[in-house]
Structure formats: C-alpha cells, structure tokens
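Undergrad: Let me see the structure of the following:
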Amino acid sequence: MKVGKFELPFNVIRDEFEIAQEVMKKVVVTRAETLYHRNNAIEYIAISNDFREIEEMELIPFYDVIVSKNNDKIDIKFKEVVNSGK
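TA: Sure, this is the predicted structure:
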C-alpha cells in the first residue's frame, strides 16, 4: 500500500487555505492527530499515489510537503524524509 505520514502546520491551514486544499486533493486521510505539544500542526497518515509502496510491517515513512507557486498555480509534491524519527 502507498501510505505515508506528513504534517500541516495550523498557520498553513488557517492563513494559506488554498495550499491545504491542494495537499488534501492528493491524499486520502486515514488518521489525523493534533500535535500541540510538538509544533502546532496536524499529523496525517494517508494513502496517496505520491507515496512509495511499503512492505507489510514496515514503519510508515514521513514525508515533507513541498509547495511551489507559479503565478496562481500551486504545485504540491511529497519528499520522503529518511530516518526522520517521527
């Protein structure tokens, strides 16, 4: 299954809603957890074609969300973080 973890800070959800919308268009969220204690973000576990296939019993990899803006177009990419510890 192509599953991964990523975080969206509250300020992105609140102040840059269009970016949050574009991220959510690329994933099917299976779990969300508020991380007030760590960095005021929501950590998501999701399924996406942008994530790599993982093996059974493999830890779910963490991805950075990479945002590019070109004029009015927002491009979202996910980059796997190796040994993230998250």
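
Undergrad: Off-centre distance for the longest helix along the chain?
TA: Longest helix in the chain, counting residues (DSSP state H): helix 17-24. Here helix 17-24 shows a centroid-to-chain-centroid distance of 11 Å under the convention Cα atoms, centre = their mean, to the nearest Å.

Undergrad: could you say what helices and strands it packs with?
TA: Secondary-structure packing of helix 17-24 (3 or more Cβ pairs under 8 Å, 6 or more residues apart in numbering; DSSP states H and E): strand 3-9, helix 10-15, strand 62-70, strand 73-81. (C-beta placed from N, C-alpha, C; glycine too.)

Undergrad: which parts of the least confident helix or strand in the chain by mean pLDDT are buried?
TA: Ranked by mean pLDDT, DSSP states H and E, the weakest helix or strand in the chain is helix 10-15, scoring a mean of 93. Neighbour-count burial for helix 10-15, counted by 16 or more other Cβ atoms under 10 Å, picks out 12-13.

Undergrad: about what we covered before: closest to residue 35 out of the helices and strands packed on helix 17-24?
TA: If you check each of the helices and strands packed on helix 17-24 against residue 35 by Cβ to Cβ, strand 3-9 wins as the nearest, at 7.0 Å.

Undergrad: For residue 54, see how far away the residue of the chain most remote from its centre is.
TA: What lies farthest from the middle of the chain is residue 71; by Cα atoms, centre = their mean that is 22.9 Å. Going from residue 71 to residue 54 by Cβ to Cβ, to the nearest Å gives 36 Å.

Undergrad: for residue 83, same thing?
TA: For residue 83, the distance to residue 54 - Cβ to Cβ - is 15 Å.

Undergrad: higher neighbour count, the two?
TA: Higher neighbour count among residue 83 and residue 54: residue 54, with 14 against 6, using other Cβ atoms under 10 Å.

Undergrad: Distance from the chain centre to stretch 8-18, please.
TA: 12 Å.
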